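> return a 3D structure for these sequence lines:
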Amino acid sequence: MSGAVRVVIVDDHAMFRRGVAAELAAAPPLPDGRAVEVVGEAADVDQAVAAVSAHRPDVVLLDVHLPGGGGGEVVRRVADAGVRFLALSVSDAADDVIGTVRAGARGYVTKTITGAELVDAIARVADGDAVFSPRLAGFVLDAFAGAGLQADLATVDEDLDRLTEREREVMRLIARGYSYREVAGELFISVKTVETHMSAVLRKLQLSSRHELTRWASERRLL
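Reported below is the predicted structural model:
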């Protein structure tokens, strides 16, 4: 097989995108002779959707936390584009992994991955395989094969399905101890908007305070 595996990198940190692009460009060809070629980049959800439409890559290398709705929103909005998605994130939180895979991603690896491992993961996802970091593989198999975590995950899914994508992002950051101002800065929204989302989260989850929210999230392994 010849040619290239065409990739779009989606991450809101320009320096990280450049680093990944340089790493992929320097990688030797795959055993079958293909190269991994970066054909586009994007920093938020809307840019990602536009980049997929413009470049029609084989694989979208996708950060989970993005301005405009998150990585799962990108997957949902271009699900019919015929591309495959590999999440590349610092997070190994259950709601991030399960939510992204449920949205349609073929794999999920953390940013501790080496350059060679990332090239291999991209190629495998392009060929239709499911790829997960070792720490996540057993967890994902348990979640989707109905092993011991099935009941807990069903409950988590039911609870999280009440929340919008943005409400999940706010919930996660607040539960981790971020202030409203810090959440606003992280998600590029106003403090008042954070307050509005937080009120909706507490109402939908039937909780009364951020302390209860932290406990709720911790019990469900969402932190």
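
> and Leu160, how far from Leu136?
When Cβ to Cβ, to the nearest Å is the yardstick, Leu160 and Leu136 sit 18 Å from each other. Every C-beta, even on glycine, is put in place using the N, C-alpha and C of the backbone.

> I should have written Arg102 there, sorry.
With the distance defined as Cβ to Cβ, Arg102 ends up 14 Å from Leu136.

> which one of those two is surrounded by more residues?
A direct count of neighbours by other Cβ atoms under 10 Å for Arg102 and Leu136 places Leu136 higher, at 20 against 16.

> tell me the SS of the residue nearest the centre of the chain?
Central residue of the chain (Cα atoms, centre = their mean): Val64, 2.3 Å from the mean position. At Val64 the chain is in coil, as set by DSSP: H, G, I helix; E, B strand; the rest coil.

> isn't it up against Gly71?
Yes - Val64 lies in contact with Gly71 (Cβ atoms under 8 Å); the separation is 4.3 Å.

> now do the shared contacts for those two.
Ala87, Ser89, Thr100 (Cβ atoms under 8 Å, 6 or more residues apart in numbering).

> in whichever strand or helix holds Ser199, what counts as buried?
Using DSSP states H and E, Ser199 sits in helix 191-205. For helix 191-205, a neighbour-count test (16 or more other Cβ atoms under 10 Å) marks Thr193, Val194, His197, Met198, Ala200, Val201, Leu202, Lys204, Leu205 as buried.

> now do stretch 5-17
Of all the residues in stretch 5-17, those buried under the rule 16+ other Cβ under 10 Å are Val5, Arg6, Val7, Val8, Ile9, Val10, Asp11, Asp12, Arg17.

> and the fifth one, what is it in contact with?
Listed by Cβ under 8 Å, 6+ apart, the contact partners of Ile9 are Arg17, Val20, Ala21, Val38, Gly40, Glu41, Ala42, Leu61.

> now for the third one: which residues touch it?
Contact partners of Ala21, counting by Cβ under 8 Å, 6+ apart, are Ile9, Val38, Glu41.
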